[in-house]
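>>> Quick check, what structure comes out for this input:
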Amino acid sequence: MQTASLQASDSVQGSHTTLLLKERIIEITEITYTRNGDYFIPDIVLKKKEYKSLGKYGRMRKDYLKNRRPALWNRFLLRDTLDDHLHEIDFEAQIRFDTLLPLYCERYSVTEELKSADQMEWIRRMNNITNAIDEIILNEIVYR
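Numbering: from 1, shown residues only. Here you go, the predicted model:
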C-alpha cells in the first residue's frame, strides 16, 4: 500500500485518498490510472491462472454475488480474486457437507439396513437430510 503526504492539489473523498498527478492517478487502494486524453483509465491486467470448474456451492455463491451483492462482485473482479474466492467457498461448503452428512444420517437412523428394507423411506430421509444440510450451508457459507 502506498502512502504519501497530501498537497494542495490532492483530493480526499471519504475513506479513499487520491493523489492527482499530471498524467497518472494513484489511489491508496493500490489501483493506478493512466490519463488518456480527458479520461483516466484504470491500469488493470489479468494474471494468467489455471481455471478449475466450480462445484454447486461455488456457482451458487457466484450467482449470489452477481445478483445480490454487485459492489462485492465488482471488488473481487477488479482485484482478480473472484475465482480464488469462489473456489474457497466451494471447498469450505463441500467439507461442511461431508462433515454434516454422517451426523444427520446417524441422528435420523438412515442406515444400509433401512436402505435394503425400505428404499423409498431411505430416499425420503436422505432427501430431507440433504435439503437440511443445503439450507445450513447456504445460510452460513454461501449467503454471508
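
>>> Tell me the buried residues in the helix or strand harbouring residue 95?
Element membership for residue 95, per DSSP states H and E: helix 82-107. Buried positions in helix 82-107, judged by neighbour count with 16 or more other CB atoms under 10 Å: 82-83, 85-87, 89-90, 92-94, 96-97, 100, 104. From N, CA and C alone the C-beta is placed, and that goes for glycine too.

>>> same thing with stretch 62-79?
Residues of stretch 62-79 classed as buried: 62, 64, 65, 73, 76 (neighbour count, 16+ other CB under 10 Å).

>>> Where does the prediction get shaky in the protein?
Applying pLDDT under 70 to the chain picks out residues 1-29, 46.

>>> farthest residue from the center of it?
residue 117 (42.6 Å; CA atoms, centre = their mean).

>>> thinking again about what came up before, can you give the distance of the helix holding residue 95 from its chain's centre?
14 Å (CA atoms, centre = their mean, to the nearest Å).

>>> which other helices and strands contact it?
Contacts defined by 3 or more CB pairs under 8 Å, 6 or more residues apart in numbering; DSSP states H and E place helix 82-107 against helix 56-68, helix 70-78, helix 119-137.

>>> could these go into a markdown table alongside distance to residue 33?
Putting the helices and strands packed on helix 82-107 into a markdown table (distance: least, CB to CB, whole Å) gives the following:
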| stretch | distance to residue 33 |
| --- | --- |
| helix 56-68 | 25 |
| helix 70-78 | 12 |
| helix 119-137 | 40 |
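
>>> Quick check: which of those is nearest to residue 38?
Smallest distance to residue 38 across the helices and strands packed on helix 82-107 (CB to CB): 22.3 Å, for helix 70-78.
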